[in-house]
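Engineer: below is the sequence, then the predicted model.
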Amino acid sequence: MTLNRRRFLSFVSAACLTAAAGPAAAFRWQGVALGAKAQIVLDHPDAEAITRAARAEITRLEQVFSLYGPDSEIMRLNRTGSLDAPSFELLECLSLARRVHDLSGGLFDPTVQPLWQVMAEAAAQNRAPGAEALAQARARVGFDRVDVAAERITLGKGQALTLNGIAQGFIGDKVADLMAERGVADVLIDTGEIIALGDAPTGTGWPITLAGSGRKDRWRNRALASSATFGTVMDADRGQGHILAPDGTAVAATQTTVSAPSAGLADALSTALCLAKDETKARRLLSLVKEASLERFIQG
């Protein structure tokens, strides 16, 4: 059975929250963010209006990070190789991506997109990718060749970016910022990664389960992100998952869950640690990020 990367985390259903909360029932919105199921749970007198604003923020940020909208910022950047006057959000997300790239020794590298495209195209045609095409794609990988400045972002020749390993968490953080601006202290935000702020109507923190682990903890003012190399299978016949090593080598079946103060950081770290050789290396890498914790590492 192939598990979706976000199913390693789950929280008690809204029905349970409502039953426990009595008259002060939590408001729950469910939808989609960057192609993943999303939800927001909060108990606030203006919950519907605040959630509408959050949904608008998600839509706005999808126009920055989506690889499916032809006019998104990242698609325009990939198409032309440069982008003038990039949004603050794109610059901020790339800055965080650079931090995790450096901390992980290059394991987290948003420039794997050309490699992904070659492998995905071959998989769609039910064939192995050609050696020459793979070699050309590998030669284009290298985050150090991406120049990021406030006035312009410039890619190296033939490069393209994907921020799918960080953008869902980053968008969650921006929704959390919007909530804070509107005076919301208690909310659970799930944009593919989870942010638990304040308390649920049922008690201190938010009840979140690491699926399959038997652990049910209450989390407060913390973000959690999970990644799995085979959360999405690109090529089942050839054992190719959607998380790629920058050099294109085969990646072991790995599942990780990381907690951190922000969902963007947790998201990027959980992606990077899927490429660690083993749990010892994963913990060694994460020891460089004092504010983050490895909650789960499963390999094989």
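Structural biologist: Arrived safely, thanks for sending.
Engineer: got the end-to-end distance for stretch 39-57?
Structural biologist: The straight-line separation of the ends of stretch 39-57 (C-alpha to C-alpha, to the nearest Å) is 14 Å.
Engineer: list the buried ones in it?
Structural biologist: 39-44, 47, 50-51, 53-55, 57 (16 or more other C-beta atoms under 10 Å). Just so you know, the C-beta spots here come from the backbone N, C-alpha and C atoms, and that holds for glycine as well.
Engineer: cool, stretch 266-284 as well?
Structural biologist: By neighbour count on 16+ other C-beta under 10 Å, the buried set for stretch 266-284 is 266-276, 279, 282.
Engineer: same check on stretch 31-38?
Structural biologist: So for stretch 31-38, counting by 16+ other C-beta under 10 Å, buried means 33-34, 36, 38.
Engineer: cool, and stretch 133-153?
Structural biologist: Within stretch 133-153, judged by 16+ other C-beta under 10 Å, the buried ones are 133-134, 137-138, 140-141, 143, 146, 148, 153.
Engineer: narrow the residues you listed to those in strands?
Structural biologist: 148, 153 (DSSP state E).
Engineer: which residues of the stretch 1-150 of the chain fall in strands?
Structural biologist: Applying DSSP state E, counting those that start in this stretch to the stretch 1-150 of the chain gives strands spanning 9-11, 27-33, 36-42, 82-84, 147-148.
Engineer: which one of these lies closest to Ala225?
Structural biologist: Ala225 sits nearest to strand 9-11 of all those, at 8.0 Å, using C-beta to C-beta.
Engineer: how about the nearest residue to Glu279, chain neighbours excluded?
Structural biologist: Phe297 (4.5 Å; C-beta to C-beta, 6 or more residues apart in numbering).
Engineer: can you tell me the helix or strand for that neighbour?
Structural biologist: Taking DSSP states H and E as the definition, one finds Phe297 inside strand 293-299.
Engineer: list the buried residues in that strand.
Structural biologist: Going by neighbour count (16+ other C-beta under 10 Å), the buried part of strand 293-299 is 293-297.
Engineer: go ahead and measure how far that strand is from the middle of the chain.
Structural biologist: When C-alpha coordinates are averaged (C-alpha atoms, centre = their mean, to the nearest Å), strand 293-299 and its chain have centres 16 Å apart.
Engineer: just checking: what are the partner strands of that strand?
Structural biologist: Strands adjacent to strand 293-299 in the sheet, as given by DSSP bridges, are strand 254-260 (antiparallel).
Engineer: thinking again about what came up before, isn't the residue nearest to Glu279 up against Thr256?
Structural biologist: Yes - with contact taken as C-beta atoms under 8 Å, Phe297 and Thr256 are classed as touching, separated by 5.5 Å.
Engineer: any common contacting residues for the two?
Structural biologist: 273, 282 (C-beta atoms under 8 Å, 6 or more residues apart in numbering).
Engineer: sorry, back to before: the residue nearest to Glu279: what's it in contact with?
Structural biologist: Contact analysis of Phe297 by C-beta under 8 Å, 6+ apart lists 254-257, 273, 279, 282-283.
Engineer: try Ala176
Structural biologist: By C-beta under 8 Å, 6+ apart, the neighbours of Ala176 are 187, 189, 195, 197, 263.
Engineer: SS state for it?
Structural biologist: Classification of Ala176 using DSSP: H, G, I helix; E, B strand; the rest coil returns helix.
Engineer: now the two most distant members of the buried residues of stretch 39-57.
Structural biologist: So, the buried residues of stretch 39-57 by C-beta to C-beta: farthest apart are Asp43 and Glu57, at 20.0 Å.
Engineer: if you skip the residues just before and after it, what's nearest to Ala263?
Structural biologist: Per C-beta to C-beta, 6+ apart, closest to Ala263 is Gly169, 3.5 Å.
Engineer: for the stretch 151-300 of the chain, which spans come out with low pLDDT?
Structural biologist: 211-214, 230-242 (pLDDT under 70).
Engineer: which stretches in it count as strands?
Structural biologist: Under DSSP E, counting those that start in this stretch, the stretch 151-300 of the chain gives strands at 152-154, 187-190, 194-197, 206-210, 215-219, 222-228, 233-235, 240-241, 254-260, 293-299.
Engineer: appreciated, that's everything.
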